[in-house]
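A.B. asks: coordinates for the following, if possible.
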Amino acid sequence: MKKIAGGVTAAKGFSAAHTAAGIKYQDREDMALIYSSAPCQTAGTFTSNVVKAAPVKWDRKLVEESDYTQAVVVNAGIANACTGEEGMEYCRRTAECAGEELDIPTDAVLVASTGVIGMQLPMNRICDGIRSMAPRLSGELAAGNGAAKAIMTTDTHEKEAAVTFEVDGVEVTVGGMCKGSGMIHPNMCTMLSFVTTDLAIEKNLLQEALRAVVEDTYNMISVDGDTSTNDTCLLMANGLAGNRKIAEKGTSYDAFVEALMEVNRTLARMMAGDGEGATALFEVKVIGARSKEEAKILSKSVITSSLTKAAIFGHDANWGRILCALGYAGVDFDPEKVDLWFESKNGKIQIIENGVALDYSEEEATRILTSDAVTAICDMKQGNASATAWGCDLTYDYVKINADYRS
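C.D. replies: Here you go, the predicted model:
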C-alpha cells in the first residue's frame, strides 16, 4: 500500500466540481458534486441519532434499494434536518436536477447536507449550483481538493486522503474527503465522509468492509460528545481498476480493508485535530486491556472528558483527570495497576506507575504537552487488547464559535 496525493478524484473514473451557490454563506464556495463515469456499488453508514436529517433518510434508502449510484451532491450551510416532508421533497428535487444534468436516474444520485438545523434549502440556488458544476466536472486532483474545501462549515482546512494497493497485479486506488469540526461524536454506524475506489467488489462485501472500518475510525473520534443528525459515510466502487471482482473474503479483500482503514483513519484523525477552537489533536491509546471492546470504551471515556480536554489545552499533566475518566467508563479494573505516559514530538514521559505518581519533572511534562498532537498511553495491565481514540483539547474558542453559530 502506498499513500498518494489526492482525495475523491484519485481513483479512476471519478470527477468533482464545486461552486459558490450562496445557500447560506455569501463569501465562499458551498456546494460540491462527485460523479463516476461508471455505475457504482455503494455502501453507507449513518447516524444513530433518532433525529435523522432528510439526506440521511434519502441516502440510506438508495444504499439499500438502488441498483447503483453514480453521483453525490453536497451542500454546506444548511443541514436539511428537522425539515419534515418538505425536506425529503428537496432531496428528491436535488437528485432530479442532478440526474437531468448528468443523464442518470434520480435514484442514482445521493445527497448530503451540513450546517444549521431547521432551515429549508433554497432550491433555486441548489439547482443553479448543480447546473453550474455539471459542465465543469474534472478528474484532476485540484477538482477534488476544491470539492473538499466547498463542503466545510467551521472546519479550518480541507481533509483528504488517498492510497494505492494491488489486487492480482492490478493497481487499485482508494481516495476520500470529509468534513467535520464540531458536533462530532459519530455513532454510525456534523461529519460527512465520501470515499471512492475503482475496485471491483460485490456490494455485500463493500458494506461489510465499510462497517468494520468505521468502527475503528470515525466511531473512535469525538470533539464535543454531540452525535449529529447528519452523520454520513458513503463508499462508492466503480470497478474501473479492472481487477477480478472480489466476491469472497481472502487476501484481496483483506488488502482492500487495510487500504480503506488507512484512508478513513487519516480522515478521522484530521477531523479530531480540527475540532472547533482546538489547538491540539489528543490521542488516547489504551493497552493491556481484557478485550478490544473494553479498550475502546476506556479510550473514548478519556477523550470525551471535558476536564481532561481542558488540561490538554493548558499543557497540564493532570493525570488524576485521566484516571478518573477511566474509572467512570463502566469497565472494571484495578486502579493500583495502571501506568500512564504522555508522548508527543517533543518526547515521552511516564507520569504514573501502578496508580501512583512518579517523581517526574512538571516542566518536562509541560514541554511534551506543548505540541499540536499529544498522546496519552494507558496500560491497564489486564490483558493483551488495545484500542486508540482521537479527540482534541477544549478551548475558549469552542464556546465562542458555538455561541453564535446561527448568526
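A.B. asks: what kind of secondary structure is the closest residue to Asp155 other than its chain neighbours in?
C.D. replies: Spatial nearest neighbour of Asp155, chain neighbours left out: Ser181 (4.5 Å); criterion: Cβ to Cβ, 6 or more residues apart in numbering. C-beta: built from backbone N, CA, C; applies to glycine. Assigned by DSSP: H, G, I helix; E, B strand; the rest coil, the conformation of Ser181 is coil.
A.B. asks: surely Ser181 touches Glu276?
C.D. replies: Yes: counting by Cβ atoms under 8 Å, Glu276 is a contact partner of Ser181 at 5.1 Å.
A.B. asks: who has more neighbours, these two?
C.D. replies: The neighbour comparison of Ser181 against Glu276 (other Cβ atoms under 10 Å) goes to Ser181, with 28 against 25.
A.B. asks: I'd say Gly6 and Gly144 touch.
C.D. replies: Yes: assessed by Cβ under 8 Å, Gly6 is found in contact with Gly144 at 6.0 Å.
A.B. asks: list residues touching both of these two?
C.D. replies: Shared contacts of Gly6 and Gly144 (Cβ atoms under 8 Å, 6 or more residues apart in numbering): Glu160, Gly175.
A.B. asks: okay, these two: which has more neighbours?
C.D. replies: Set Gly6 next to Gly144 and count neighbours by other Cβ under 10 Å: Gly144 wins out with 33 against 21.
A.B. asks: does the more buried one sit in a helix, a strand or a coil?
C.D. replies: helix.
A.B. asks: mind listing the helices for the stretch 151-300 of the chain?
C.D. replies: 203-216, 251-273, 292-303 (DSSP state H, counting those that start in this stretch).
A.B. asks: centre of the chain to the helix or strand of the chain with the lowest mean pLDDT, how far?
C.D. replies: Lowest by mean pLDDT, DSSP states H and E among the helices and strands of the chain is helix 396-403, with a mean of 82. Offset of helix 396-403 from its chain centre (Cα atoms, centre = their mean, to the nearest Å): 22 Å.
A.B. asks: with only the CA atoms kept, save that helix in CSV.
C.D. replies: C-alpha atoms of helix 396-403 as CSV (Å, rounded to 0.1, in the frame of the first residue of the first chain):
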residue,chain,number,x,y,z
TYR,A,396,-12.2,29.2,24.9
ASP,A,397,-12.9,29.4,21.2
TYR,A,398,-15.1,26.4,21.2
VAL,A,399,-17.7,28.3,23.2
LYS,A,400,-17.2,31.4,21.1
ILE,A,401,-17.8,29.5,17.8
ASN,A,402,-20.9,27.7,19.1
ALA,A,403,-22.4,30.7,20.9
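A.B. asks: how about CSV for the helices of the stretch 151-300 of the chain, with distance to Ala10 and mean pLDDT added?
C.D. replies: Formatted as CSV, those follow (distance: least, Cβ to Cβ, whole Å; pLDDT from 0 to 100):
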stretch, distance to Ala10, mean pLDDT
helix 203-216, 17, 96
helix 251-273, 10, 95
helix 292-303, 30, 96
